[in-house]
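Peer 1: dropping the sequence and predicted coords here.
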Amino acid sequence: MRAASRITFWIKGAQALALAIAVCFSMGASNASSRFNDLGHRLMCTCGCAQLLGECNHVGCTESGRERNELSAAIAAGDSDDQILASFAAKYGATALAAPRTHGFDLVAWIAPFAVFAAALLGTILLVRQWSVGKAKVAAQAPNPAMDALREKIRRETGADNDGGF
């Protein structure tokens with residue numbers, strides 16, 4: 001009876017902890033400043049500094065201030081994240097996005113690395129299998145007296161007592 005109450009206590013404690021974690025992570029999920037921070041890290045500064053818009057800090061940047069103001073205005077206007085990202089991509093080009101979108105032709109940018117890795121892995125496996133089949137064919141060949149005599153001569157001249165793979 002006492003063990004059952006301990007288990008119940010730990011289960012309820014774990015549930016309370018999970019609820020507290022969920023509340024902590026969701027607080028501010030709809031907050032404008034957290035959206036600005038999130039979107040600022042999903043966009044690139046277009047001045048050519050190769051930094052995220054939310055982190056562009058180089059001296060004399062002529063673009064980041066204007067782009068941050070546009071982002072703030074779009075968030076204040078109630079645009080969704082997808083609308084904001086699409087408007088930045090339309091205005092500044094696809095390079096304004098920190099990561100390619102997950103639909104249309106941009107999906108190739110997500111799939112290609114995995115496809116190239118899979119093709120390279122398959123090619124490596126086939127190559128190793130071909131090598132092992134070729135080695136087995138050489139080992140299975142009938143004995144060649146001329147080759148055996150040459151191996152024996154090399155062993156005598158080099159002083160090799162063991163087979164050494166010949």
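Peer 2: Thanks, I have it. Numbers count the residues shown, from 1 in each chain.
Peer 1: where does this protein have low pLDDT?
Peer 2: Regions of the chain meeting the criterion pLDDT under 70 cover residues 1, 22-30, 136, 138-142, 161-166.
Peer 1: residue boundaries of the helices in it?
Peer 2: Here the chain has its helices, by DSSP state H, at 2-26, 32-40, 64-76, 81-92, 107-140, 145-158.
Peer 1: hmm, who's touching the third one?
Peer 2: Helix 64-76 is contacted from outside by 32, 35-36, 39-40, 43, 45-47, 53, 56, 83-84, 87-88, 92, using C-beta atoms under 8 Å, 6 or more residues apart in numbering. C-betas here are computed from N, CA, C, even on glycine.
Peer 1: can you list the helices of the chain in CSV and add distance to residue 101 and mean neighbour count?
Peer 2: Shown next, in CSV, are the helices of the chain (distance: least, C-beta to C-beta, whole Å; neighbours: other C-beta atoms under 10 Å):
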stretch, distance to residue 101, mean neighbour count
helix 2-26, 25, 9
helix 32-40, 14, 15
helix 64-76, 17, 16
helix 81-92, 8, 15
helix 107-140, 8, 10
helix 145-158, 63, 11
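Peer 1: number of nearby residues for residue 44?
Peer 2: 23 (other C-beta atoms under 10 Å).
Peer 1: my read is that it contacts residue 97, right?
Peer 2: Yes. In this structure, residue 44 is within contact of residue 97 by C-beta atoms under 8 Å, at 6.9 Å.
Peer 1: off-centre distance for stretch 117-137?
Peer 2: Its chain's C-alpha centre and that of stretch 117-137 lie 26 Å apart, by C-alpha atoms, centre = their mean, to the nearest Å.
Peer 1: now do stretch 122-138
Peer 2: Here stretch 122-138 shows a centroid-to-chain-centroid distance of 30 Å under the convention C-alpha atoms, centre = their mean.
Peer 1: okay, now the domains of the protein?
Peer 2: Recorded structural domains for the chain (assignment: automatic domain parsing) are 2-101, 108-158.
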